[in-house]
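Visitor: Provided below for reference: sequence and predicted model.
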Amino acid sequence: MTTRNDHPAVELLLQDTRLDKGLKTIVEKVMSAERLTTEDGLLLFEKGELGFLGALANAVRVRLHGDKTYFNRNFHIEPTNVCIFTCRFCSYSKLYKNREEGWELSIDQMLDIVKKYDGQPVTEVHIVGGVHPKMNLDFFVELLQKIRAHRPDLHLKGFTAVELDYMFRKAKVSVEEGMRILHDAGLQSMPGGGAEIFHSDIRAQICHDKVDAEGWLHIHKTAHLLGMHTNATMLYGHVEQFWHRVDHMEQLRKLQDQTRGFNTFIPLKFRNKDNEMAHVAETSVVEDLRLYAIARLYMDNFPHLKAYWPMLGRNTAQLTLSFGVNDLDGTIDDTTKIYSMAGAEEQNPSMNTAQLAMLIKQAGRRPVERDTVYNEIKDYTDVVFSEEELMAR
Ligand code: V47
Ligand code: SF4
């Protein structure tokens, strides 16, 4: 265990005679790896200043991972943006009646995307999209089987609990049966989308018609019991209050205590372009950094904290590395539209390995390529990149 003396910044915090008593107790707890309560979580949101939170979250990050910062080489497939649901924060989806304004990829078109990466060292395909009434369980089983047959070494990570809930209900199979069918077809892990904010009062305001918290947690628990790893997200910075965020993280922490199946917690900043919540102002970068730090302190049983750079922008993502974050997701290769359509700075998100590794190095951290389940592939700390490599697409 690290001691305070290993962290001079934390020692300085404790010497501050004006430090709130509750915050001081939190420092003591964090440094002795004692779990924070929901009250502690709330106090951090209410009173924790940026420097205080950063110093503390960084101490935890260093205890867990040293200076390592993970990334992977991946691409996304978004089968469709046609969706039967009406989340008010979504800038991406089209209703079925307006489907000619959106896209619907066939299995062959999606296989062509996979084939574009033949011979390239990508390790993961991330498949997620809208909930299309005609893309059913059989369709996705065939897709997974065909990708697996074409490229068995590619890790198949796919489908939010929202997509799965609809897919299984439509196919009239239980969550257990449905997950097993997809797992047998090649699905290896699940992304963390669709969680938003679990509390029903907030769901009623922002995403009233899709799977609720209980359903979301049940699907992830079922995947964990099958031996699959999954991620968890939290969409923050819209109509929720601080205690809703703490409640959300608490529910995830409880499930993780039971299953240990979550790899990564991914806070997602609400972006407000071209959606029904465009009148809601976005959070400031300071608020974003505070939230990442609090997540690192609160989610003590989540091994990894990810800043998803296509949503935050690469500069803010780089800053989060000093606020508890130890993972930046992947190279992406301009294959996702969810955030560019919602107004993110990254309109064509793509970074090659050299660029991602440099971004991490410039923040004083060690870039380590990982696979989806965090096996280390290569440490890039001592790799020197050429000008061409850094400029290449
Ligand atoms: O659930 C949609 C979010 C999520 C907006 O597990 C928005 O590795 C901000 O979950 N502003 C889907 N966020 C994406 C997702 C994800 C992304 C990257 C990696 C992983 C992973 C998971 O996108 C949705 C929703 O919370 N979202 N619209 C918006 N306007
Ligand atoms: Fe559909 Fe997902 Fe958009 Fe909600 S966030 S409308 S479920 S695509």
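Guide: Structure's in. What do you need? Numbers count the residues shown, from 1 in each chain. Ligands and ions are numbered 1, 2, ... in the order given.

Visitor: for Lys68, phi and psi?
Guide: phi -60, psi 140 (degrees, to the nearest 10).

Visitor: His238: how many residues sit nearby?
Guide: When neighbours are defined as other C-beta atoms under 10 Å, His238 has 21 of them. Any C-beta I mention is one placed from the backbone N, CA and C, and that applies to glycine too.

Visitor: Could you check the pLDDT of it?
Guide: Looking at His238, its pLDDT reads 98.

Visitor: State the distance from it to ligand 2.
Guide: Counting by C-beta to the nearest ligand atom, to the nearest Å, the separation of His238 from ligand 2 is 13 Å.

Visitor: do Gly324 as well
Guide: Taking C-beta to the nearest ligand atom, one finds Gly324 at 26 Å from ligand 2.

Visitor: Ala161: neighbour count?
Guide: What Ala161 shows, counting by other C-beta under 10 Å, is a neighbour count of 26.

Visitor: wait, what's in contact with it?
Guide: For Ala161, the contacting residues are Met190, Gly193, Gly194, Ala195, Val211, Gly215, Trp216, Ile219, His220, by C-beta atoms under 8 Å, 6 or more residues apart in numbering.

Visitor: per-residue confidence at it?
Guide: pLDDT, Ala161: 98.

Visitor: Pull out the buried positions in the helix or strand where Leu164 lies.
Guide: Leu164 belongs to helix 161-171 when elements are defined using DSSP states H and E. Across helix 161-171, burial judged by 16 or more other C-beta atoms under 10 Å covers Ala161, Val162, Glu163, Leu164, Asp165, Tyr166, Met167, Phe168.

Visitor: Identify the spatial nearest neighbour of the last one, chain neighbours not counted.
Guide: The shortest distance from Phe168 to any residue other than its chain neighbours is 3.6 Å, reached at Gly178 (C-beta to C-beta, 6 or more residues apart in numbering).

Visitor: So that neighbour lies in a helix, does it not?
Guide: Yes. Under DSSP: H, G, I helix; E, B strand; the rest coil, Gly178 falls within a helix.

Visitor: what number of residues lie near it?
Guide: 21.

Visitor: Over to Met31?
Guide: 21.

Visitor: again, but for Leu225
Guide: For Leu225, the count of nearby residues is 13 (other C-beta under 10 Å).

Visitor: and what of the one 4 residues further on?
Guide: Counted with other C-beta under 10 Å, the neighbours of His229 add up to 20.

Visitor: surely it meets Gly261?
Guide: Yes. With contacts counted by C-beta atoms under 8 Å, His229 reaches Gly261, the gap being 5.9 Å.

Visitor: for the helix or strand hosting Glu28, what is the average pLDDT?
Guide: Glu28 is part of helix 21-31 when elements are defined by DSSP H and E. Across helix 21-31, the average pLDDT comes to 96.

Visitor: Flag every buried residue along that helix.
Guide: Buried residues in helix 21-31 (16+ other C-beta under 10 Å): Leu23, Ile26, Val27, Lys29, Val30, Met31.

Visitor: Distance to ligand 2 for these - can I get that in a markdown table?
Guide: Below are these laid out as a markdown table (distance: C-beta to the nearest ligand atom, whole Å):
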| residue | distance to ligand 2 |
| --- | --- |
| Leu23 | 36 |
| Ile26 | 34 |
| Val27 | 38 |
| Lys29 | 36 |
| Val30 | 34 |
| Met31 | 39 |
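
Visitor: Return the member of those nearest to ligand 1.
Guide: Checking these against ligand 1 by C-beta to the nearest ligand atom gives Val30 as the nearest, at 25.9 Å.

Visitor: gap between the closest one and His7?
Guide: Taking C-beta to C-beta, to the nearest Å as the measure, Val30 falls 10 Å from His7.

Visitor: Check Gly330 too.
Guide: 30 Å.

Visitor: Isn't Phe139 up against Ile107?
Guide: Yes. Here Phe139 reaches Ile107: they are 7.2 Å apart, a contact under C-beta under 8 Å.

Visitor: got the residues of the stretch 51-200 of the chain near ligand 2?
Guide: Cys83, Phe85, Cys87, Cys90, Tyr92, Ser93, Gly130, Val131, Val162 (C-beta under 6 Å from any ligand atom).

Visitor: at 8 Å instead, please
Guide: Contact residues (C-beta under 8 Å from any ligand atom) of the stretch 51-200 of the chain with ligand 2: 81, 83-87, 89-90, 92-93, 129-131, 160, 162-163, 193-194.

Visitor: out of those, which are buried?
Guide: By 16+ other C-beta under 10 Å, those give 81, 83, 85, 87, 89-90, 92-93, 129-131, 160, 162-163, 193-194 as buried.

Visitor: Tell me which helix or strand the residue nearest to Arg61 when sequence neighbours are not counted sits in.
Guide: Counting by C-beta to C-beta, 6+ apart, Gly324 is the residue found nearest to Arg61 once chain neighbours are left out, at 5.0 Å. Assigned by DSSP H and E, Gly324 falls within no helix or strand.

Visitor: Please spell out which residues along stretch 104-124 are buried.
Guide: Glu104, Leu105, Ile107, Met110, Leu111, Ile113, Val114, Tyr117, Val122, Thr123, Glu124.

Visitor: can you count the residues close to Lys221?
Guide: 16.

Visitor: How about Leu390?
Guide: Leu390 has 12 neighbouring residues, counting by other C-beta under 10 Å.

Visitor: quick one: it from ligand 1, how far?
Guide: On the measure of C-beta to the nearest ligand atom, Leu390 and ligand 1 end up 25 Å apart.

Visitor: Am I right that Ile84 sits in a helix?
Guide: No. Using three-state DSSP, the assignment for Ile84 is coil, not a helix.
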